[in-house]
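**Student:** I would like to see how this sequence folds:
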Amino acid sequence: QVQLVESGGGLVQAGGSLRLSCAASGRTFSTYAMGWFRQAPGKEREFVASITRTLGMTYYADSVKGRFTISRDNAKNTVDLQMNSLKPEDTAVYYCAAVQTPRSILISAGTYDYWGQGTQVTVSS
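**Tutor:** Sure, this is the predicted structure:
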């Protein structure tokens, strides 16, 4: 099992940047593919980005491609989401998620087994 704790959310003006971090417990972090999802009020949880467990292959939703960057540090058991050029429509609760799999494209929330509690990101116009 793995426990996930997100941090780094907050309030930022449009065009600004935030860096989210997800800290994972356990000694098998490198066996988990990781993802970031977000959920805005009244909307479904949606995929943002994912990264494979050892090669670090990344995949992004079209809505964030070129603005967000996912990265991981297996020595520190962390996965980060650097968010630049933020827009009001990026406002949501952001969740970190984990699944033990060698697969590379993991865009469905149902694929993931473990979730953090979420961190709020609010982008003002």
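**Student:** Give me the spatial nearest neighbour of the residue nearest to the spatial centre of the chain, chain neighbours excluded.
**Tutor:** With the centre of the chain defined as its mean C-alpha position, the nearest residue by C-alpha atoms, centre = their mean is Trp36, 2.2 Å away. Among residues not flanking Trp36 along the chain, Val48 sits closest, at 4.3 Å (C-beta to C-beta, 6 or more residues apart in numbering). The C-beta positions use only the backbone N, C-alpha and C, and glycine is treated the same way.
**Student:** How is the one you found assigned, secondary-structure-wise?
**Tutor:** Here Val48 takes the strand state, with states given by DSSP: H, G, I helix; E, B strand; the rest coil.
**Student:** How about the contacts made by it?
**Tutor:** When contacts are counted by C-beta atoms under 8 Å, 6 or more residues apart in numbering, Val48 touches 35-38, 60-61, 64, 68, 81, 94.
**Student:** just these now: which is nearest Thr54?
**Tutor:** Each of those was checked against Thr54 using C-beta to C-beta; the closest is Gly35, at 15.5 Å.
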